[in-house]
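Enquirer: Got a predicted structure plus its sequence, pasted below:
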Amino acid sequence: MVGNCLFEAPWVRFCPTDQGQCRVLVAQSKKKTLSQKNVPPIFQGEPEDSPPMPPPYVLPAPPLGAEGPQVPDSPPPSVSPPPSASEVPEAISPPQPHSPEPMSRHLRSAQGTATPALQMPLRETRGPQQVAPDGTIQEGGRFYYYQPFSTADFLNWKHHTPSYSEKPQALIDLLEFIFQTHCPTWIDCQQLLFTLFDTEEHWRIVTEAQKWLQANAGGRADLANWVREAFPEENPHWDYDTEEGKRNLERYRQAFLQGAKAGAKKPTNIAKISEILQEPNESPAKFYERLCEAFQTYTPFDPEAPENQRMINAAFVGQAQSDIRKKLQKLEGFAGENATKLLEIANKVFINRDQVARRDAEKRMKQKVTLLAAALSKPVPPVGPPRRGQGTRPGKRSPLEHDQCAYCKEKGHWKNECPNRPEKKTKAPPSQY
């Protein structure tokens, strides 16, 4: 009222009601009824990535002489129901060049083309068949598609393979398997190099790979440039669908593998070979493998070379378990034998070791039983002090026969008649005063 007295606001006016009563409207929350249920909200998410579609079907070739319009290849019919009229968009506009495509579009393969639109996994495949204008069906050409390694692949290889410094041969075998099976690109090789090796091992492998390329350059004039191009430090973008790109990738992988083999070499230490001994429960094949790894790591000798086979065999026989060593040493000229034959004989001894141990245990048990039976056949001496009139005392004589001498133990006379008994000296009678 004070405000009204001071000034009049044009937007404030008195509104009388016919009934003379005023109502005040207050905003309140809606009360929940018992029938109403808590329904979780549904959020519209991104569509899941669809799997790659199969290559398009090829229509059968028309009969010879028949002319008709060429029907282009079409994708296989969809098994899902057709969309309703309300779901069909009014117009489909082509994607703008600045707008990124969704991931699902990258996973879909191009249809109706002989080569893929995108470079995906580096695996060899064959394109769809093509119908020539004359009606003949032509086989599709071969091409590669690229599929990079996943994080799970690198983690499995890293955690299930010994380190390069501990067992280099295990990691080298893994690289050979990956190169032969997956045909990795330059980027994949770099990921392998930085994931499976540490920094020092990485640069050691790169240096040894460059040395191997220099040794196999074939007298090139521009040696430094050729090595730099053959083993580049930056992505060369080699096209793996061309013959030149395939040769470059193959040479790069070969240099990588040779660098890993040369980088695993350690300073020559022949004494390390003598420390490799066969464990009691170790199989001969595993022991032979450890011995070859030691030769390859600590010596300049190749264990797979035929000229080094005698040295490997001598170390294998001399450092094996005693039962295997005795069996192999009985073989005449064992040093010149084939490693397969030595391993076969050693495996027989290793497998029959349980039977030999069982026979030895049975033999020892029989000896114990014999000794126990002999001990039980003897009379058992009484326990405690001997009673009066029983037992023997030390030094007590055995009873004599009725005609046996007690002095010389001969029969036919008694002690007082014994001729062997010395005569007693008679004492002089005492003098009488």
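Expert: That came through fine.

Enquirer: Would you tell me what the next helix or strand after the helix or strand K326 falls within is?
Expert: Counting by DSSP states H and E, the element that carries K326 is helix 322-329. From helix 322-329 onward toward the C-terminus, using DSSP H and E, the following helix or strand is helix 339-351.

Enquirer: Mind checking the pLDDT average for the next helix-or-strand element following that following helix?
Expert: Later in the chain than helix 339-351, the nearest helix or strand by DSSP H and E is helix 353-377. Helix 353-377 carries an average pLDDT of 83.

Enquirer: which other helices and strands contact helix 353-377?
Expert: Here helix 353-377 touches no other helix or strand, going by 3 or more C-beta pairs under 8 Å, 6 or more residues apart in numbering; DSSP states H and E. All C-beta atoms are positioned from the backbone trio N, CA, C, and that covers glycine.

Enquirer: Now stretch 217-233: buried residues?
Expert: By neighbour count on 16 or more other C-beta atoms under 10 Å, the buried set for stretch 217-233 is V227, A230, F231.

Enquirer: Let me have these in JSON lines, adding secondary structure as columns.
Expert: Output for these, formatted as JSON lines (DSSP: H, G, I helix; E, B strand; the rest coil):
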{"residue": "V227", "secondary structure": "helix"}
{"residue": "A230", "secondary structure": "helix"}
{"residue": "F231", "secondary structure": "coil"}
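
Enquirer: Y144 should be in a strand, yeah?
Expert: Yes - assigned with three-state DSSP, Y144 falls within a strand.

Enquirer: on that earlier part again, tell me what angle the helix holding K326 forms with helix 339-351.
Expert: Put simply, helix 322-329 runs at 140 degrees to helix 339-351, going by axes from the mean of the first three to the mean of the last three C-alpha atoms, to 10 degrees.

Enquirer: ok so, going back, which one of the buried residues of stretch 217-233 is nearest to L196?
Expert: Using C-beta to C-beta, F231 is the member of the buried residues of stretch 217-233 that lies nearest L196, at 17.9 Å.

Enquirer: Dihedrals phi and psi, I137?
Expert: Backbone torsions of I137, given as degrees, to the nearest 10, read phi -100, psi 130.

Enquirer: who does it bridge with?
Expert: V131 (DSSP bridges).

Enquirer: Just give me the neighbour total for it.
Expert: Residue neighbour count, defined by other C-beta atoms under 10 Å, stands at 12 for I137.

Enquirer: Now do it, the pLDDT please.
Expert: Taking I137 on its own, its pLDDT is 74.

Enquirer: before we move on, what about the one 10 residues further on?
Expert: According to the predicted model, the pLDDT of Q147 comes to 80.

Enquirer: ok so, going back, want to try JSON lines for the buried residues of stretch 217-233, with pLDDT and distance to W238 as columns?
Expert: Putting the buried residues of stretch 217-233 into JSON lines (pLDDT from 0 to 100; distance: C-beta to C-beta, whole Å) gives the following:
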{"residue": "V227", "pLDDT": "92", "distance to W238": "16"}
{"residue": "A230", "pLDDT": "92", "distance to W238": "11"}
{"residue": "F231", "pLDDT": "94", "distance to W238": "12"}
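
Enquirer: May I have the helix holding K326 as PDB, with CA atoms only?
Expert: Listed next in PDB are the C-alpha coordinates belonging to helix 322-329 (Å, rounded to 0.1, in the frame of the first residue of the first chain):
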ATOM      1  CA  SER A 322      74.300 -89.800 -16.000                       C
ATOM      2  CA  ASP A 323      72.000 -92.500 -17.300                       C
ATOM      3  CA  ILE A 324      71.600 -90.900 -20.700                       C
ATOM      4  CA  ARG A 325      75.300 -90.100 -20.900                       C
ATOM      5  CA  LYS A 326      76.300 -93.700 -20.200                       C
ATOM      6  CA  LYS A 327      73.900 -95.000 -22.800                       C
ATOM      7  CA  LEU A 328      75.100 -92.600 -25.500                       C
ATOM      8  CA  GLN A 329      78.800 -93.100 -24.700                       C
END
